[in-house]
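[1] Below are the sequence and a predicted model; questions follow.
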Amino acid sequence: MERGLYSVILYFGIFIALLMTPQRLQAALGENTNSVESDRRAISAARENVSAFSNYTVHAISSHATTIREYVSQDGIVFGVAWNGLIHPDLTPLLGSYAGEYREALLQAPRLHGRRHFEVKAQHVVVEKWGHMRNHRGRAYIPSLMPTGVSTDDIK
C-alpha cells in the first residue's frame, strides 16, 4: 500500500514539475513579425522597446536571464536574432527550420579549446557565440534575408 502511495506522489510531482517548466521560445529566423509577440509571451518576458531604422526594426524582449533582440525587415520577416545575458538561449526555437542545418554544421565544425568566439556557418544560417561567465552574447542571421544596406555589424 505504501509503495503505491509513493508512486502516486512521485507521478503527481513530475506532472506538476512539467506544468511549471517555462515554455520555449516560439519565433524563428525567416518567420514574420508576429513571432516576436509569441516569443515574449512564451518566455514571460517584458517587451523592452522597438527601435526603428531605415531598413529594419529591432524588437527587444527581456527575461530574468537573457535579453533577445529580433531584427525584422520592412517586409516583416525576422532576418537576425542577437542576445546577451547570463546564459545562451536554446537556439532550436530561435533558428526554427534552420536548426537542423545548424546542428549538422556544428558537428562538422572543428573544436578549438580556449576560444571565446565561436562561429558556425551553415548553408543558409550563420551563428556566432562569445562571452564569458554571466556575460554570454551571440547572434544568428540569414545572410540572404538581410535587407540592402544592413551589415552583420548591425546585428548586435
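    Thanks, I have the structure now. Numbering: from 1, shown residues only.

[2] how far away is Gly85 from Tyr141?
    18 Å (CB to CB, to the nearest Å). Placement of C-beta: from N, CA and C, glycine included.

[3] Which of the two has more residues huddled nearby?
    Tyr141 (22 against 19; other CB atoms under 10 Å).

[4] where does the most centrally placed residue in the chain land in three-state SS?
    Per CA atoms, centre = their mean, the C-alpha nearest to the average position across the chain is that of Leu94, at 3.8 Å. Under DSSP: H, G, I helix; E, B strand; the rest coil, the three-state class of Leu94 is helix.

[5] got a pLDDT number for it?
    Leu94 carries a pLDDT score of 84 in this model.

[6] just Gly76 next, same as before
    91.

[7] before we move on, back to that, tell me how far the residue nearest to the centre of the chain lies from Ala65.
    Leu94 sits 14 Å away from Ala65, going by CB to CB.

[8] Quick check: beta-bridge partners of Asn49?
    For Asn49, the beta-bridge partners under DSSP bridges are Ala60.

[9] my read: it touches Thr57, true?
    No: counting by CB atoms under 8 Å, Thr57 is not a contact partner of Asn49; they are 10.3 Å apart.

[10] more crowded one of those two?
    Per other CB under 10 Å, whichever of Asn49 and Thr57 has more neighbours is Thr57, with 16 against 10.

[11] could you list every residue that touches the more buried one?
    By CB atoms under 8 Å, 6 or more residues apart in numbering, the contact set of Thr57 is Val50, Ser51, Tyr71, Val72.

[12] Let me see the confidence value for the second one.
    To tie it back to what came earlier, the one meant is Ser51. Ser51 carries a pLDDT value of 91.

[13] do Leu106 as well
    89.

[14] So Phe118 is in contact with Glu128, correct?
    Yes: applying CB under 8 Å, one finds Phe118 in contact with Glu128, separated by 7.0 Å.

[15] who has more neighbours, these two?
    Shown here are Phe118 and Glu128; by other CB under 10 Å, Glu128 has more neighbours (17 against 14).

[16] three-state assignment of the more buried one?
    Applying three-state DSSP: Glu128 is strand.

[17] which sections of the chain are below the confidence cut-off?
    1-27, 34-47, 114-115 (pLDDT under 70).
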